[in-house]
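S.K.: from the sequence below, what's the structure:
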Amino acid sequence: METSSNWFLYSPFRVDLLGQKDSIPTPIKYVGGSKVDAWLKHLEENLSLSWIVIDPTRKKAVNMSSRGPVSVQRHWLTGDVQVRFGTVMAGDGWRGSAREMVECGVVVICGGKEGGEMHVNEVSMVMEDMDGKALNGKDSLVILKGVVENGRRKKLNGNEGKEKYEKFEERKRERKEGRQRNERALDLVCIAVGVAGFVAFWSAMLLR
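M.R.: The predicted model follows:
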């Protein structure tokens with residue numbers, strides 16, 4: 001894929017691994033109705049994904065496989081099933097801090113009719129930071145390059161991978177709540193300053 005244009009470098013990183021017009025049938029039956037919750041739980045416990053990032057110029061690769069999805073959800077309107085596989089890792093070389101964690105995820109969108117075959121309609125690779133924001137192509141390539149150069153990753157089982165993802169999500173929530181508290185405190189300060197200025201102005205006018 002082409003990775004040198006400004007459009008790629010400064011737009012949200014997204015790699016479509018399946019063409020928009022492609023649809024892959026699976027032997028899995030698409031379930032709906034009252035059994036959908038149990039079916040989604042079954043998918044979460046039994047699906048796995050093998051994916052490898054390859055740098056052909058350096059002839060290196062790294063195994064990013066996930067033993068199990070970090071989440072399986074059904075869209076309330078379309079009924080499509082979104083299966084998300086995620087790998088949480090340090091953002092080495094990005095923003096100058098290895099403490100900044102990022103998530104490299106593969107999102108699989110599946111559809112179908114109840115009782116029929118489930119089809120894979122979309123597979124995409126995305127990158128997000130701890131604020132839940134999509135990384136651009138430039139930052140994503142820096143991180144992926146570091147992962148490839150560091151060699152093989154420790155392969156986590158399904159529970160370990162999900163626990164790491166849940167901790168990542170918890171840190172994202174804590175950061176968001178911290179920002180909201182700071183914003184509320186700043187709003188209160190601005191209001192207090194405005195009221196104090198208003199009172200001081202009218203006090204000065206009345207004392208004239």
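
S.K.: ok, and the closest non-adjacent residue to the residue nearest the centre of the chain?
M.R.: Among the residues of the chain, Glu128 comes closest to the average C-alpha position under Cα atoms, centre = their mean, at 4.6 Å. Nearest non-adjacent residue to Glu128, counting by Cβ to Cβ, 6 or more residues apart in numbering: Glu103, 5.0 Å away. In this view, the C-beta of every residue, glycine as well, is placed from N, C-alpha and C.

S.K.: could you point out the helix or strand that follows the helix or strand hosting that neighbour?
M.R.: Per DSSP states H and E: Glu103 is located in strand 101-111. Scanning forward in sequence from strand 101-111 by DSSP H and E, the next helix or strand is strand 117-128.

S.K.: elements contacting that following strand?
M.R.: strand 14-16, strand 24-29, strand 101-111, helix 137-149 (3 or more Cβ pairs under 8 Å, 6 or more residues apart in numbering; DSSP states H and E).

S.K.: quick one: which of these is nearest Asp55?
M.R.: With respect to Asp55, and counting by Cβ to Cβ, the nearest of these is helix 137-149 at 4.8 Å.

S.K.: in the closest one, what's buried?
M.R.: 137, 139-141, 143-148 (16 or more other Cβ atoms under 10 Å).

S.K.: for Arg84, state which of these is nearest.
M.R.: Ser140 (17.0 Å).

S.K.: that older thread, and the buried residues of helix 137-149, which is closest to Ile191?
M.R.: Asp139 (36.9 Å).

S.K.: hang on, the earlier thing: in TSV, list the buried residues of helix 137-149 along with distance to Gly79 and pLDDT.
M.R.: Shown next, in TSV, are the buried residues of helix 137-149 (distance: Cβ to Cβ, whole Å; pLDDT from 0 to 100):
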residue	distance to Gly79	pLDDT
Gly137	32	91
Asp139	34	89
Ser140	31	89
Leu141	35	88
Ile143	34	86
Leu144	33	86
Lys145	39	85
Gly146	39	83
Val147	35	83
Val148	37	84
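
S.K.: contacts only, for the closest residue to Gly116 other than its chain neighbours.
M.R.: Residue nearest to Gly116 in three dimensions, not counting chain neighbours: Tyr30, with 5.6 Å by Cβ to Cβ, 6+ apart. Contact analysis of Tyr30 by Cβ atoms under 8 Å, 6 or more residues apart in numbering lists 110-118.
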